[in-house]
Each structure stands twice: as structure tokens, then as C-alpha cells.
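Novice: what follows is a predicted structure for the sequence shown.
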Amino acid sequence: MTQTDTAVSIEIQNRGSESQFRRAMRRMIRTRSAQVGLALVLSFLIIGLMAPVVWPYNARADLDLKARLQSPSLEHPFGTDDLGRDVLRRVVHGARVSLRVAVLVVLISMSFGSFLGLVAGMTGGFIDTVIMRAMDIMLSFPYVLLAIALVAALGPGLRNAMIAIGIVYIPPYARLARSMALQIREEDYVLAARALGVGQRRILFTHILPNGLSPLIVMGTLSMGTAVLDAAALGFLGLGQQPPFPEWGKMLVDSMQFILSGSWWVMLFPGLAIMLTVLGFNLLGDGLRDALDPRLRID
């Protein structure tokens, strides 16, 4: 084969892989649920990124007892809380906290979990047994209870809450990565690479990991919604973001005592923010799963 033929072949392969990616994204965009999920996630992402620039907020100085528990109005569209703080402003700035938790938790858990699972699936034997039994021990505990125990040991705070949730989410990624490694390592191109003397590390990072990314990406997207819920739960228990900084779970627990007095708006809007964020990640994850599923690639 001449150099020209090789270049043409490479170009055709690149176009084929690019068209497959475009077809997958086109399938996802055509799905109504994925459209709604993407719109919700992008909306909260833009709000979280632009809030400090467009609408700066100093949580330590935010206090106006004369305006406490005012119902929604033109001045305060979401009303005010028991300290006279604008609920809309706190919900908007709380989006930064929840989205940061979602992203960092998934990065921590996916990185460590995928690495452990791939190593276990590739090496097998004693290393596989040790890693998987450790994951089984972690899975034997209720994950919320384990996260609470880790935060209690590390100390309350947003950073420790993210670390705890990230550690708790490691086992599912490890099990998924291991199953993918066990399946892919028996493929013909992996066996051919072994026959040519390619090392285990190169096989892991050039064959196993790239071909197992799709389910990990889908799982990561779905896990972001669960991470937002867990961060809100820890905040609800006083183990997450500490006052006076806004966090949706903490806003919920602070507003519970005012529900019976008719101040429904104090709890409603943080709860809606949590619900819409989790719904957005779940719908987006479902759309990615359908788009990346090879069994559905009919176009």
C-alpha cells in the first residue's frame, strides 16, 4: 500500500468515526426528553457560572429583619426568608454549590472507581479478588449512612461532604468498569495486540478504556443528579455547606418551621431547584444512554 492509499484510508476512518459521533448526538438531540434535560442542565449551569458576575452576593452581610418572611412580590419574586434574605438570590447562588458538588463528586468517583475496576478486570487473580471484596464491603453499607459516617469523621463542611459522597460512589463505577474490562479483553483486537507483544498498560489505556467509556459517561451523567440529592441530604442534616452560605438542602431545613405559618415559598423554591436539577441530569443521562447504545444505531 502506498503512502497516498494509507492517508486516504486514515481519512475515511476518521470520517467514519466522526459521522458515528455526529449520528449519536443527532439521535440524542432528536429525543424530546434529552432536549428537556439538556435545557435544564444548561440553564442551571449558566445561572451558576454567571451569578457571581451578574448578581454578586455577600452571604455574610445579607440580613434585613424588617423584610423577614415577605411573600413573593415584584421586589422579591421568590419572597424572603426568616432573616429577610431574598430567596431568589440565595437559590441562584446555591446553584453554584450544587453543580460544583455534582461535577467534583463524579470526577472523584469515576476516576478512582474506573481505575480500580479496569485494573481488577485486566489483572484478575488475587488483585481482582482484593479490589472487588473491598467494593463489596462498601456496598454492604447504606450509602447515605456511609456518607454521613465519613462526613462525621472528616468534619462538617462542603469539601468533606464532596469527598465523602465521592468515596461512596466508587464501588458502582468499579463494578461497571470491571465488567467492561472482562468483556473487552476477550475481543479479537485485544487478543491480536497481546499476540504482537503489546504491554498490559498500553492495552488498558488504548483499547480497554476508550471502548468502555460510553457506559461510564452515561453512569456519570445519571450520578450527577444523585450527587445533588445526596449533597442536599447532607446539607439538610447540617453536614454540608455551613451557614450563612446558601445551599439548597440547608435552605430546606431552615424553612421547615415556617411551613405551618403559611410561608410556603421559603421551602418551595429550593425544593423545586433540587427537583429540576435532578430531573435534568436524569433526562440527559437517558438520552445519552439511548444515543450511545450500539443496539439502537440504525441510522
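Specialist: Noted; the coordinates are in hand. Numbers count the residues shown, from 1 in each chain.
Novice: residue contacts, S114?
Specialist: S114 sits next to Y173, A174, A177, L209, L216 when contact means CB atoms under 8 Å, 6 or more residues apart in numbering. For every residue, glycine as well, the C-beta is placed using N, CA and C.
Novice: likewise T80?
Specialist: The contact partners of T80, by CB under 8 Å, 6+ apart, come to D64, A67, R68, L69, Q70, D86, V87.
Novice: quick one on the thing from earlier: from the contacts of S114, which two are the most distant?
Specialist: Across these, the longest distance by CB to CB is 13.8 Å; it joins A174 and L209.
Novice: out of those two, which sits in the more crowded spot?
Specialist: For A174 versus L209, the count of surrounding residues by other CB atoms under 10 Å is larger for A174: 27 against 18.
Novice: ok, now which ones touch the more buried one?
Specialist: By CB under 8 Å, 6+ apart, the neighbours of A174 are G113, S114, L116, G117, A120, I131, M132, M135.
Novice: chain neighbours aside, what residue packs nearest to the last one?
Specialist: Same thing as M135. P171 (4.1 Å; CB to CB, 6 or more residues apart in numbering).
Novice: which residues touch stretch 192-209?
Specialist: 114, 118-119, 121-123, 180-181, 184-185, 187, 189-190.
Novice: let me have the residues you listed in TSV, extended by pLDDT and distance to T31.
Specialist: As requested, the contacts of stretch 192-209 are exported to TSV (pLDDT from 0 to 100; distance: CB to CB, whole Å):
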residue	pLDDT	distance to T31
S114	92	26
L118	90	30
V119	90	35
G121	89	31
M122	86	34
T123	86	39
M180	88	24
A181	88	29
I184	85	27
R185	81	32
E187	81	29
Y189	80	31
V190	81	32
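Novice: list just the nearest of those residues to P156.
Specialist: The closest of these, once distances to P156 are taken by CB to CB, is S114, at 29.0 Å.
Novice: from M122, how far off is the nearest residue to that closest one once chain neighbours are set aside?
Specialist: Spatial nearest neighbour of S114, excluding adjacent residues (CB to CB, 6+ apart): A177 at 4.4 Å. With distances taken as CB to CB, to the nearest Å, A177 is found 10 Å from M122.
Novice: ok, I163 - contacts?
Specialist: I108, L150, L154.
Novice: neighbours around L283, how many?
Specialist: 24.
Novice: and for the spatially closest residue to it that is not a sequence neighbour, the neighbour number?
Specialist: Spatially, and ignoring its direct neighbours in sequence, L283 is nearest to G37 (2.8 Å; CB to CB, 6+ apart). Other residues within reach of G37, judged by other CB under 10 Å, total 24.
Novice: any idea which helix or strand carries G37?
Specialist: Using DSSP states H and E, G37 sits within helix 32-54.
Novice: and that helix, what does it pack onto?
Specialist: With contacts defined as 3 or more CB pairs under 8 Å, 6 or more residues apart in numbering; DSSP states H and E, helix 32-54 has these neighbours: helix 3-30, helix 87-123, helix 265-292.
Novice: which other residues reach stretch 241-255?
Specialist: 57, 59-60, 62, 81-82, 87, 90-91, 93-94, 97-98, 156-158, 161, 231-238, 240, 263, 266-267, 270-271, 273-274.
Novice: hang on, I meant stretch 126-136
Specialist: L116, G117, V119, A120, G121, I170, P171, A174, R175, R178.
Novice: could the residues you listed go into CSV alongside distance to R30?
Specialist: Converted to CSV, these look like this (distance: CB to CB, whole Å):
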residue, distance to R30
L116, 36
G117, 32
V119, 38
A120, 37
G121, 34
I170, 34
P171, 34
A174, 34
R175, 32
R178, 33
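Novice: neighbour-wise, which of those leads?
Specialist: G117 (29 neighbours).
Novice: pretty sure it is touching I170, no?
Specialist: No: G117 is beyond contact range of I170, at 9.2 Å (criterion: CB atoms under 8 Å).
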